[in-house]
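Student: Sharing a sequence plus its predicted fold:
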Amino acid sequence: LQLVESGGGSVQPGGSLRLSCAVPGSTLDYYAMGWIRQAPGKDREGVVCFVTADSSTYYIDSVKGRFTLARDDAKNTMYLQMNSLKPEDTGIYYCAVDLSGRPTAAFMRGTSDAWGQGTQVSVSS
């Protein structure tokens, strides 16, 4: 299962970036999908998780109001729009899908079944 990411880069604080992830098959085929990041020297953490069964979307508190997950089911693609970026958002961002039906909490702890290659997001002045 191959997820292909694009986007990322370097921006100043307050800037915006959009990440894209092409997902094999239909986005509706997965129990959950979203984005997981790993900051330097820190554990992975889920940034946002979309649960297909009830169309719920969960964000970690630190990105609420700034990040938005979107899906284009016709293109089998999901996006992460990141606004008002902060230095603490720096890290490698991975798109991920859950095939197992794990609890959302597991995804938000950084656990999933399939991952993209990762894309670097750097926020600094």
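Tutor: In hand now; what should we look at?
Student: I figured Gly116 hits Ala96, correct?
Tutor: Yes: using CB atoms under 8 Å, Gly116 is in contact with Ala96, at 7.2 Å. Every residue, glycine included, has its C-beta placed from N, CA and C.
Student: and for these two, which residues touch both?
Tutor: Listed as contacting both Gly116 and Ala96 by CB atoms under 8 Å, 6 or more residues apart in numbering are Leu3.
Student: Which one's more surrounded, these two?
Tutor: Shown here are Gly116 and Ala96; by other CB atoms under 10 Å, Ala96 has more neighbours (26 against 22).
Student: Look up which residues are beta-bridged to that one.
Tutor: Gly34, Trp115 (DSSP bridges).
Student: next one: Arg44
Tutor: Gln38.
Student: Centroid-nearest residue for the protein?
Tutor: Trp35 (1.7 Å; CA atoms, centre = their mean).
Student: these two touch, right, it and Val48?
Tutor: Yes: assessed by CB under 8 Å, Trp35 is found in contact with Val48 at 5.4 Å.
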